[in-house]
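Q: Give me coordinates for this.
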Amino acid sequence: MHYLLLTDAGEPEHFAEAMQRNESIKWELAIEDEIKSFQKNKTWSLTKLPEGKKVLQNRWVYRLKEELDGNKRYKARLVVKRFQQRQGIDFTEIFSPVV
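A: Modelled structure (predicted):
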């Protein structure tokens with residue numbers, strides 16, 4: 001007989017859930033850190049959408065990291081919903097500030 005243990009690491013699935021939790025301030029700070037990282041590393045620029053093109057939707061991914069000293073670190077990443085990309089148009093590209 002085999003057993004499988006599924007655990008919840010306490011990570012929210014979406015923004016609304018993150019903002020309803022007791023530690024919502026920590027998740028907000030994690031989001032702010034990610035946005036500041038984008039600005040600092042100049043990974044994006046605001047531009048006008050070309051005619052006939054659609055914007056790819058994105059979402060926040062939340063991770064709770066355990067540091068060596070036992071403290072928890074809240075991480076938030078903004079990612080593109082890959083299912084919206086089309087084969088042949090940046091389909092194999094990695095859109096992440098950290099590779």
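Q: Show me what whichever strand or helix holds residue 75 is in contact with.
A: Assessed by DSSP states H and E, residue 75 sits inside strand 72-80. Here strand 72-80 makes contact (C-beta atoms under 8 Å, 6 or more residues apart in numbering) with 18, 23, 26-27, 29-31, 33-35, 38, 56-67, 95-96. Bear in mind the C-beta positions are built from the backbone N, C-alpha and C, glycine included.
Q: which stretches of the protein form strands?
A: 58-66, 72-80 (DSSP state E).
Q: Mind naming the longest helix for this protein?
A: Criterion DSSP state H: the longest helix present in the chain is helix 24-41.
Q: how big is the angle separating it from strand 58-66?
A: Orientation check (axes from the mean of the first three to the mean of the last three C-alpha atoms, to 10 degrees): helix 24-41 against strand 58-66 gives 110 degrees.
Q: residues of helix 24-41 that come out buried?
A: Across helix 24-41, burial judged by 16 or more other C-beta atoms under 10 Å covers 27, 30-31, 34.
Q: Done for today, thanks.
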